[in-house]
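K.L.:
Dropping the sequence and predicted coords here.
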Number of protein chains: 2
Amino acid sequence: MRIVVVGGVAAGMSAASRARRQSPDVQVTVFERGDWVSYGACGLPYVIGGEVEDFGRLVARTPGQLRDRDIDVRLRQEVTGVDATARTVTVRDRETGRTLTEPYDRLLLATGVSPVRPPWAVTSLAGVHVLRDLPDGQAIEASLEGAKQACIVGAGYIGLEMAEALSTRGLEVTLLEKGPEVAGRMLDVGLQRRVRAEVERQGVDVRCGVTVEGLTGKEGRVTGVDTDGGHVPADLVVVAVGVRPNTDLTRAAGVRLGETGAVAANDRQETSVEGVYAAGDNTESRHRVTGRAVHIPLGLTANRMGRVAGVNMAGGEARFPGIVGTAIFKTFGLGVARTGLTQAEAEHAGLDALSVDVDSTDHAGYYRGAAPIHVRLTAERGSGRLLGAQLLGHTGSVKRVDVVAALLHRGGSVGDLFELDLAYAPPFSSVWDVLLVAADRAGQELCRE
Amino acid sequence: MRIVVVGGVAAGMSAASRARRQSPDVQVTVFERGDWVSYGACGLPYVIGGEVEDFGRLVARTPGQLRDRDIDVRLRQEVTGVDATARTVTVRDRETGRTLTEPYDRLLLATGVSPVRPPWAVTSLAGVHVLRDLPDGQAIEASLEGAKQACIVGAGYIGLEMAEALSTRGLEVTLLEKGPEVAGRMLDVGLQRRVRAEVERQGVDVRCGVTVEGLTGKEGRVTGVDTDGGHVPADLVVVAVGVRPNTDLTRAAGVRLGETGAVAANDRQETSVEGVYAAGDNTESRHRVTGRAVHIPLGLTANRMGRVAGVNMAGGEARFPGIVGTAIFKTFGLGVARTGLTQAEAEHAGLDALSVDVDSTDHAGYYRGAAPIHVRLTAERGSGRLLGAQLLGHTGSVKRVDVVAALLHRGGSVGDLFELDLAYAPPFSSVWDVLLVAADRAGQELCRE
């Protein structure tokens, strides 16, 4: 059994490792067009911010270690074509330019996503960057030499993480966002404003509702960003306006894309073409709360999909359980977490939803260091079914979003949440954990109606 | 409707407040034999340790504030008798010694627990304390003046919390435990040893398997503890060898006790005697994992029972959902959490259980400050049903035990846990949260058999 994996980061390498463990009879080859495999891309902002020593620390396993495990890793090899009938891929060596044809029995497309580059961001000016892969991070690091003013375009989680990282490195940071608020895709409006307030309090110049029109440069280096709200001087520009799935190869293979524009796969990670699997950031998943296909590229999802694909390609049996839309990030000292649907997302999905907001402290108010925590809990009117939660608080406190995620998996209700026997001691929570308080409040609202 | 509540701390005051909110037609009287009501007893070790400014900070609401809410709080009034046929209680004023008879329509017994005092601990020597209520805490504080050597008898969670508190206050601390290890009722043996090692590392002299035989004293003050392993010099002794439910009044009322020795109540908190309710530390609850009655007196349970009793006494409808055995504490920098059953408890309950142990880090290993976390996950052979989890780690990391607690409520399996879409970003967890790793490991063990 010859397994070929295209892409050697999260999903691709998880798949390769799992396939290897699943069966000694498979031959596993990974083609990676870049110089790096098996690294944690989510850690890139933290290398730049100094929370991780160096880029090498992000690498979980080197190509040598992988080869020792009998995984044939080939760097700088770009898969440029798929013949799904003949079951072969065409591979171009990026150093020599030579191409070769490799046969496969099972093919995994783990091609990931690419950062969106608006036309103005396609430039030869130095100091203009996206942040997606490890070399992007290294390029930003190199650009930091002598840089004083950073402009980040896009206030999603990567933009907000980079705002912290570059502030930590001593740069003045301006954060531009086309939409009306920061963290627009993750949170409801009230919470977006709170995140923005915190980022502003940390000295970041946040400008929302601003459209970028172009870049200015001098002697080959960027000097600023022109916007419909004026010129922003900057010697470092980070463009973080979203990603899109890498689907060129998928189309070439005749694989069906889903409604979201990402690759459609079933819960065994099989695509519409026999023998071809897809996993990772390029692939849709099923949202357990709405039952719909979504494209939410995140690290755990990619790893889990890869694992499922690896098991199945090697003749085992595994199923991807879907996701519930959990995500978390930090910006400065503020932790931001969400799961399920926001009120806005619930309404967009046609659900009759209500949300309650609770302000409390992460642990007993009388115990040293009690910090504010905000919970917004969303539930379905009538049924009382939990739909989602959004949390803002000290970094150490917002991972309790996982409790709501656990209930969402099985369609739990507000009443189920309220009944939970959660851990209490004064250094860890209030007697009534803020999640219980929110469930109680939501229960009251549901009864009132 | 006249509601009389006996005991004004967690359960009693929750019940009084809920009854008050439930109906404007009820008259609510709380008899408290002590000087304080409505305070967080769980916070007492932290006042002594200096993490809480003063004892007054533990008080949620003063008697005056409660009276303003139309709750008639009567301090230093001890209920000494119940006539369940006539529906009256006998109340003794502890200042004047006078008794009066109060009628009730609904009576709540929220009498709590008392610390066990072995015969050797019944003494007139100064410097010998238990820690249960606020005056106990004040007495320990007063004894700290000039004290240098503390001996804590009993290495349950209160003993371990006090070991930290008294070390923080600069005392040399010896911790004596009759059983073979510390935290004996909370954890399996391997984890008990880890807790002990950490406490020893912090300079506490821990001696297990030691039986106390008596106290030594001089000029009316304790000077040490005699044990079967020799003399331990001490000018402050804290006895923390367990609690027992206060049931004198319950017996007087003819209320049935359960197998555990605590008061038996149904899920509306009704006892065996009509019109008499019980809630809080004196009352049994139902363990959702075993289905059996248990007596595990903890803060959230007490508050929740009180709430249920208050609603029902005032004519509403609420049910206590039972518990899953969740508990958490810290000692020095180590957080300790558990939910469900330990391996030992599962076996004791006649379940065919297996446990897996996983050592990982609380967040991505490459991100600054990654700290060890240990998870022991227990599951039922055959069914794969989750039975429990035990966590040791940095204080900020062990509250994730709540995720397992959430699944235990509904009888979730190891497979359910592994499928969860938990929050991941490098500062918050590993891509595969340690709980997922433990679930994976347990799943493999279950398959192997």
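P.N.:
Looks like it came in fine.

K.L.:
and the closest residue in space to A:Arg106 that isn't next to it in sequence, how many neighbours does it have?
P.N.:
If the residues on either side of it in the chain are set aside, A:Arg106 comes closest to A:Met313, at 4.1 Å by Cβ to Cβ, 6 or more residues apart in numbering or on different chains. Backbone N, C-alpha and C define where each C-beta goes, glycine included. By other Cβ atoms under 10 Å in any protein chain shown, the residues close to A:Met313 number 31.

K.L.:
Dihedrals phi and psi, A:Met313?
P.N.:
The phi/psi pair for A:Met313 (degrees, to the nearest 10) reads phi -60, psi -30.

K.L.:
if I read this right, it contacts A:Ser14, doesn't it?
P.N.:
No - if you go by Cβ atoms under 8 Å, A:Met313 and A:Ser14 don't touch, sitting 11.7 Å apart.

K.L.:
For the residue nearest to A:Arg106, give me its contacts.
P.N.:
Residues in contact with A:Met313 (Cβ atoms under 8 Å, 6 or more residues apart in numbering or on different chains) are A:Ile3, A:Ala15, A:Ala19, A:Val26, A:Arg106, A:Leu108, A:Tyr277.

K.L.:
again, only this time at 7 Å
P.N.:
A:Ile3, A:Ala15, A:Ala19, A:Arg106, A:Leu108, A:Tyr277 (Cβ atoms under 7 Å, 6 or more residues apart in numbering or on different chains).

K.L.:
Can you check the pLDDT for it?
P.N.:
Looking at A:Met313, its pLDDT is 98.

K.L.:
do A:Val113 as well
P.N.:
98.

K.L.:
wait, doesn't it sit right on A:His295?
P.N.:
No - using Cβ atoms under 7 Å, A:Val113 makes no contact with A:His295, being 8.9 Å away.

K.L.:
Mutual contacts of those two, please.
P.N.:
Shared contacts of A:Val113 and A:His295 (Cβ under 7 Å, 6+ apart): A:Pro245.

K.L.:
just the contacts of A:Met313 now: which is nearest A:Tyr157?
P.N.:
Ranked by distance to A:Tyr157 (Cβ to Cβ), the contacts of A:Met313 are led by A:Ala15 at 25.4 Å.

K.L.:
Give the full set of residues in contact with the closest one.
P.N.:
With contacts defined as Cβ under 7 Å, 6+ apart, the neighbours of A:Ala15 are A:Val5, A:Leu108, A:Ala110, A:Ala279, A:Gly306, A:Arg307, A:Ala309, A:Gly310, A:Met313.

K.L.:
Excluding covalently adjacent residues, which one is nearest to A:Asn303?
P.N.:
A:Asn303 sits nearest to A:Ser14 (Cβ to Cβ, 6+ apart), 4.8 Å away.

K.L.:
For that neighbour, give me its contacts.
P.N.:
Contacts of A:Ser14 by Cβ under 7 Å, 6+ apart are A:Asn303, A:Gly306, A:Arg307, A:Gly310.

K.L.:
Out of those, the closest to chain B would be?
P.N.:
A:Asn303 (5.3 Å; Cβ to the nearest Cβ).

K.L.:
For that closest one, what are phi and psi?
P.N.:
phi -60, psi -40.

K.L.:
The residue nearest to A:Asn303 belongs to a helix?
P.N.:
Yes - if the criterion is DSSP: H, G, I helix; E, B strand; the rest coil, then A:Ser14 is within a helix.

K.L.:
Show me what from the stretch 251-400 of chain A comes close to chain B.
P.N.:
A:299-300, A:303, A:321, A:323-324, A:326-330, A:337, A:364, A:366-368, A:395-396, A:399-400 (Cβ under 7 Å from any Cβ of the partner chain).

K.L.:
Among those residues, which are located in helices?
P.N.:
Among these, the ones falling in helices (DSSP state H) are A:Gly299, A:Leu300, A:Asn303.

K.L.:
before we move on, the earlier item: okay, and which of the contacts of A:Met313 map to strands?
P.N.:
Counting by DSSP state E, the part of the contacts of A:Met313 found in strands is A:Ile3, A:Arg106, A:Leu108, A:Tyr277.
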